[in-house]
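J.: following is a predicted model, sequence given first.
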Amino acid sequence: MSKTVLMADVDYGDVVHICENLRERDIAEIFATRWDNDVHKLAEEIWAYRECAWVAYTHDGEPAAIMGCHPILPGSKVWTIFGFGTPRWSDVIVALSRQALRFCKPMMKNAGANRVSCYALSTHHDARKWVQFLGMHEEATHKMFGKDGEDFVVYVWFPNMTKDSADVR
C-alpha cells in the first residue's frame with residue numbers, strides 16, 4: 001500500500017474536521033490567543049484565508065493538518081504563517097514542510113512580503129522545531145502573552161535577506 005500524502009486546496013468540511021479534532025498542544029496554543037474556544041469560528045477564519053491555505057491528507061485520505069499564510073492586514077507586507085492538525089500531524093509533516101518550503105515561502109516573497117512572523121506557545125516544542133526547520137528564527141519571547149498568562153515565542157523570516165542576515169539572534 002502506498003504511503004502517499006496529498007496536499008490539496010482547502011475544503012470547508014475538512015477544515016471543520018481538523019479543527020474539531022486538534023491535538024491537545026495545538027488547542028493550548030491556538031486558543032490561548034483567541035476570544036473564545038470555538039473550533040467552528042476558527043474553521044470559519046481559516047476558510048476566509050483559503051486562497052493561501054492547504055489541507056494535508058494522510059495516505060488513507062483522512063484530513064490531518066492545515067497550513068497557510070496571509071498578510072496580517074489587507075495590503076500589508078507583513079505576513080504570518082500557520083500550521084496545526086489532528087493527532088495524525090506526524091503522518092503529514094513531511095508534506096506540510098515541502099509545501100511551505102517549495103510553495104508558501106516563495107509565494108510570500110513574490111507577493112512582496114518583507115517580514116513573515118508566527119507565534120508559538122513556548123511549551124509547544126514540536127511547533128517551535130517545525131518553524132525553525134522552515135528557516136524562521138527566534139526573535140523574542142512575549143511573556144504573559146496568552147489569556148491565561150502563557151509565554152509565546154515570536155519567530156521571523158525576512159524574505160529579502162540572505163539566511164545569515166536574517167538571523168536576528
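T.: Good, I have the coordinates. A quick note: this is a predicted structure, and the numbers were derived from the prediction, not measured. Numbering: from 1, shown residues only.

J.: tell me the secondary structure for the most centrally placed residue in the chain?
T.: In the chain, the centroid-proximal residue (Cα atoms, centre = their mean) is Phe82; its distance is 1.6 Å. At Phe82, secondary structure determined by DSSP: H, G, I helix; E, B strand; the rest coil is strand.

J.: and the helices in this protein?
T.: With DSSP state H, the ranges of helices along the chain come out as 12-20, 24-31, 39-48, 89-99, 105-110, 125-133, 163-166.

J.: pLDDT-wise, which helix or strand of this protein ranks last?
T.: Least confident helix or strand of the chain, by mean pLDDT, DSSP states H and E, is helix 163-166 with a mean of 44.

J.: name the nearest residue to Ala100, sequence neighbours excluded.
T.: Spatially, and ignoring its direct neighbours in sequence, Ala100 is nearest to Leu134 (5.2 Å; Cβ to Cβ, 6 or more residues apart in numbering). Just so you know, the C-beta spots here come from the backbone N, C-alpha and C atoms, and that holds for glycine as well.

J.: give the contact list for that neighbour.
T.: By Cβ atoms under 8 Å, 6 or more residues apart in numbering, Leu134 lies in contact with Ile81, Ser97, Ala100, Leu101, Lys105, Trp157.

J.: compute the number of surrounding residues for the third one.
T.: In this case it means Ala100. 24 (other Cβ atoms under 10 Å).

J.: next, the contact list for Ala43, please.
T.: By Cβ under 8 Å, 6+ apart, the neighbours of Ala43 are Tyr12, Val15, Val16, Ile18, Cys19.

J.: do that again at 10 Å, thanks
T.: Residues near Ala43 by Cβ atoms under 10 Å, 6 or more residues apart in numbering: Val10, Tyr12, Gly13, Asp14, Val15, Val16, His17, Ile18, Cys19, Glu20, Ile66.

J.: distance of Ala64 from Phe31?
T.: Distance of Ala64 to Phe31, given as Cβ to Cβ, to the nearest Å: 20 Å.

J.: so for the two, which sits in the more crowded spot?
T.: Neighbour count, other Cβ under 10 Å: between Ala64 and Phe31, Ala64 has more, with 27 against 18.

J.: would you mind measuring from that one to Trp47?
T.: Taking Cβ to Cβ as the measure, Ala64 falls 18 Å from Trp47.

J.: again, but for Gln132
T.: 28 Å.

J.: now Gly146
T.: Distance of Gly146 to Trp47, computed by Cβ to Cβ: 24 Å.

J.: settle it for me: which of these two has more neighbours?
T.: Using other Cβ under 10 Å, the more surrounded residue of Gly146 and Trp47 is Gly146, with 18 against 14.
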